[in-house]
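S.K.: have a look at this fold, sequence not included:
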């Protein structure tokens, strides 16, 4: 039973691994960025899962409720999402520049061009 | 029932993630990516985190997806087949890492367990004392802007640095030699899109302002409002063209706004120091501690909102402007179809 009580964490880890596999097995740089984002969302899910409280509700105080989910992960993650899109934009800007310089966004072709004499 | 919804949403997420991995058509992949973010926003709602859900819905399903599409329009639309490279090594690495992480969860407290350490250290203080300290019901807003104001200032500075990075890489106006501005793509000859956009954009802007200024009493705040505001303007730019959107928000102003937002946030900190308090200790702003805290939070949230909205818009405009570039001798190929 205790193993089943962790299903949220396990599914977050499975998502993270799909993202990691996308990053290391594909050569297309845009796809790698998408994989990185999947990994990132899985970390968000893990954090928010840790803040969930049985019988708790949204952390906005109101009379008649006493159990709230933990607000601290919410703060950390909502700022992390915005920082995440800003850094994703930097990554995609690099991809655009790589395409302008090499004419391709496939990692192996970029490397082949670099090794040309 | 909650568990069923939770597991279903997580299963959908896994399906989306696998299809992102497998799809060779990158445009289809981008749409699956938007869907993935939207479902994860739904999952955050079921886990009682509406603030996070707002942000994820506007950022993931809106802005990230559009940035990926803008990148694809300038690079390659299809992924090329992976060359003869062993698939077993990545798979082995992923399986070993995943197994190690799952082994690590064995020690974690059960999902939703009230005895978990996360619920028994600093969180009860925030939940029990924040209303006395600050007097606003949304605990997430209190922590974000007041208790952890330093962290938030740091995050805003990171977002600001990211836009500097994008501008340094792609530039707002500069193009490589031999590349001139091509025609702007616009979709306003499609009556349905035009009418819907005209109906929806004002509502989204109004909702963004509500999220910004009502964020102390309901889910909301500067980060959420900033991304929702930016999403509305980006929708306008997509339908009516980049130049029309530039007439709404002048580029000269837009370039300064990220810095102005950071300055508002940092300036509140300096003001509290000048008034005799510590950096970002809002109690120095007035006689009544609750009123002073609320004033500080509202000012800081405005700074956050201004920076986040303008950074998202600047990043989008920069990508879209770069995407207009055409070779000087190519004519107006690729005009709106």
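M.R.: Alright, I've got the coordinates. Quantities reported herein were computed from a predicted structural model and do not represent experimental measurements.

S.K.: from what I see, residue B:311 and residue B:160 are in contact.
M.R.: Yes. Here residue B:311 reaches residue B:160: they are 6.7 Å apart, a contact under Cβ atoms under 8 Å. Where C-beta positions appear, they are placed from N, C-alpha and C, glycine not excepted.

S.K.: neighbour count winner among those two?
M.R.: residue B:311 (30 against 20; other Cβ atoms under 10 Å in any protein chain shown).

S.K.: hang on, the earlier thing: common neighbours of residue B:311 and residue B:160, please.
M.R.: Shared contacts of residue B:311 and residue B:160 (Cβ atoms under 8 Å, 6 or more residues apart in numbering or on different chains): residue B:258.

S.K.: shaky segments in chain B?
M.R.: Within chain B, the stretches with pLDDT under 70 are B:82-85, B:172-178, B:327-337.

S.K.: grab the nearest non-local neighbour of residue A:92.
M.R.: Residue nearest to residue A:92 in three dimensions, not counting chain neighbours: residue B:71, with 4.4 Å by Cβ to Cβ, 6 or more residues apart in numbering or on different chains.

S.K.: report the secondary structure element holding the one you found.
M.R.: helix B:65-74 (DSSP states H and E).

S.K.: mind listing residues that contact the helix or strand following that helix?
M.R.: Once helix B:65-74 ends, the next helix or strand along the chain (criterion: DSSP H and E) is helix B:88-105. Residues outside helix B:88-105 that contact it (Cβ under 8 Å, 6+ apart) are A:6, A:9, A:10, A:13, A:14, A:16, A:17, A:20, A:21, A:24, A:25.

S.K.: just stretch B:241-255 next, same as before
M.R.: B:172, B:184-186, B:188, B:233-234, B:236-237, B:310, B:313-314, B:317, B:320-321, B:324.

S.K.: narrow those to those that are buried.
M.R.: Buried members of the contacts of stretch B:241-255, counted by 16 or more other Cβ atoms under 10 Å in any protein chain shown: B:184-186, B:233-234, B:236-237, B:310, B:313-314, B:317, B:320-321, B:324.

S.K.: what does stretch A:98-105 rub up against?
M.R.: Contacts of stretch A:98-105 (Cβ under 8 Å, 6+ apart): A:28, A:29, A:30, A:95, A:109, A:110, A:113, B:74, B:75, B:76, B:176.

S.K.: ah, wrong one, I meant stretch B:112-128
M.R.: Contacts for stretch B:112-128 (Cβ under 8 Å, 6+ apart): A:5, A:50-56, A:59, A:61, A:67-68, A:70-73, B:109-110, B:139, B:142-143, B:147.

S.K.: chain center to that stretch: distance?
M.R.: Offset of stretch B:112-128 from its chain centre (Cα atoms, centre = their mean, to the nearest Å): 28 Å.

S.K.: follow-up on the earlier one: okay, and which of the contacts of stretch A:98-105 map to helices?
M.R.: A:29, A:30, A:95, A:109, A:110, A:113, B:74 (DSSP state H).

S.K.: and which of these is nearest residue B:57?
M.R.: Closest approach between these and residue B:57, by Cβ to Cβ: residue A:30, at 22.2 Å.
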